[in-house]
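[1] Take a look and give me a structure for this.
(one chain, ligands or ions: 1)
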Amino acid sequence: MTDNRRFAGRRAIVTGAAGGIGAAIVRRLVSEGAMVAAIDRSAAASDGSQVHPVVADLSTVEGARTAVDEAVAVLGGAADIVVSAAGVYVLAAAAAVDETDWNANQDINLRAPFFVAQAAVAARAADPSAKGRPMAIVNISSTGAYRSGTGDAALSYSASKAGLVALTRSMAAEWAGQGIRANVVTPGVIDTSMVRIMDDPESGTAWLKARVPMARLGRPDEIAAVVCFLASDDASYVTGSELVADGGYMCR
Ligand SMILES: NC(=O)c1ccc[n+]([C@@H]2O[C@H](COP(=O)([O-])OP(=O)(O)OC[C@H]3O[C@@H](n4cnc5c(N)ncnc54)[C@H](O)[C@@H]3O)[C@@H](O)[C@H]2O)c1
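    Residues are numbered from 1 along each chain as shown. Next up, the predicted model:
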């Protein structure tokens, strides 16, 4: 019987796979038939033969390249799907940002997605079995790219996420001729350990009511759903686009 699931027979790399959003993306890809190399600096959960955890530190270019090499080896071929969800949220007020804070955000949120994608594209070009297969890259940015609204001292984080939007568009333009699509998802405030506004639940709830038309946090599975749309052939004519998933935050 033919397997009609969207990712049957597809190989995927997901970074940040041990985190809230990354893990949800892995679950969704696997539920639709993909085999996944789950990259994170902490070991990602593996619930069977479709998920292969790859422990790696993406904060250096070499680390990103090595992680992709390892991922391609465990997948048994080049990746058809690359999702960069690894991220850090290093906060400091503008006057206090130092080189360490700055570099942490830029290295992991902006540089790593590029070098992961570059290595995955090179692996695809070198793999004869990947010839003619579509490839999709999905990067996870943030509404912080457009707006600094949560009251956090997120200037350096926001700059990294805005850079990721521009980077994704350039990837889309440059690689379209090779059958590669690249898109970016910009989540609003999602219920993971990264979120700080709910440290004080009372003011967090008031903030959500005042600023987010849907008046609630997003769930990681709601981000996974849009990532998997962009990664799938349902989005075969979509490249260089930004998909905002924020409960309406950008509308207000
Ligand atoms: N949670 C939100 O509200 C929100 C909103 C917008 C965008 N995002 C973005 O979504 C992505 C996922 O965030 P999340 O909410 O799941 O946070 P999370 O902290 O749960 O997950 C982030 C993951 O990235 C991994 N990581 C960090 N540095 C790494 C490194 N050097 N090498 C390898 N792995 C590393 C962490 O180990 C962690 O598992 C991030 O890029 C984040 O910026 C999150």
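
[2] near the ligand, which residues of this structure show up?
    16, 18-22, 40-42, 56-59, 85-88, 108-109, 140, 142, 187, 189-190, 192-195 (CB under 6 Å from any ligand atom). The C-beta positions use only the backbone N, C-alpha and C, and glycine is treated the same way.

[3] What about the residues you listed, which are in strands?
    40, 140, 187 (DSSP state E).

[4] can you put the residues you listed in a markdown table and add neighbour count and pLDDT?
    As requested, these are exported to a markdown table (neighbours: other CB atoms under 10 Å; pLDDT from 0 to 100):
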| residue | neighbour count | pLDDT |
| --- | --- | --- |
| D40 | 25 | 98 |
| I140 | 26 | 98 |
| P187 | 25 | 98 |
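
[5] Just the buried residues of the residues of the chain next to the ligand.
    Among the residues of the chain next to the ligand, the ones that count as buried by 16 or more other CB atoms under 10 Å are 16, 18-22, 40-41, 56-59, 85-88, 108-109, 140, 142, 187, 189-190, 192, 195.

[6] Which parts of the chain are strands?
    Under DSSP E, the chain gives strands at 11-15, 35-40, 51-55, 81-84, 135-140, 180-187, 242-245.

[7] Adjacent strands (with direction) for the last one?
    The strands beside strand 242-245 in its sheet (DSSP bridges) come out as strand 180-187 (parallel).

[8] same deal with the second one?
    Sheet pairing here is set by DSSP bridges, and for strand 35-40 it gives strand 11-15 (parallel), strand 51-55 (parallel).

[9] next one: that strand to chain centre, how far?
    Remark: strand 35-40 is offset 12 Å from the chain centroid, using CA atoms, centre = their mean, to the nearest Å.

[10] Show me what the least confident helix or strand in the chain by mean pLDDT packs onto, helices and strands only.
    Among the helices and strands of the chain, helix 201-211 carries the lowest confidence by mean pLDDT, DSSP states H and E, at a mean of 95. With contacts taken as 3 or more CB pairs under 8 Å, 6 or more residues apart in numbering; DSSP states H and E, helix 201-211 sits against no other helix or strand.

[11] ok so, going back, export the ones in strands among the residues of the chain next to the ligand to a markdown table and tack on distance to R211?
    Putting these into a markdown table (distance: CB to CB, whole Å) gives the following:
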| residue | distance to R211 |
| --- | --- |
| D40 | 30 |
| I140 | 21 |
| P187 | 15 |
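
[12] measure the closest residue to the ligand within the stretch 51-200 of the chain to G163 for me?
    Per CB to the nearest ligand atom, G87 is where the stretch 51-200 of the chain lies closest to the ligand, at 2.3 Å. Distance, G87 to G163, by CB to CB, to the nearest Å: 13 Å.

[13] Pull up the overlap in contacts between the two.
    Common contacts of G87 and G163, defined by CB atoms under 8 Å, 6 or more residues apart in numbering, comprise N109.

[14] With respect to V68, which of the strands of the chain lies nearest?
    Checking those against V68 by CB to CB gives strand 11-15 as the closest, at 6.7 Å.

[15] quick one, the closest one and strand 135-140 angle?
    20 degrees (axes from the mean of the first three to the mean of the last three CA atoms, to 10 degrees).

[16] How far does strand 11-15 sit from its chain's centre?
    With CA atoms, centre = their mean, you get 10 Å for strand 11-15.

[17] do stretch 216-231 as well
    Worked out by CA atoms, centre = their mean, stretch 216-231 lies 11 Å from the chain centre.

[18] Show me the helices in the chain, by range?
    Under the criterion DSSP state H, the chain contains helices at 20-31, 61-75, 99-105, 112-126, 155-175, 201-211, 220-231.

[19] Could you list the buried residues of the third one?
    For helix 99-105, the buried set under the neighbour-count rule, 16+ other CB under 10 Å, comprises 101-102, 104-105.
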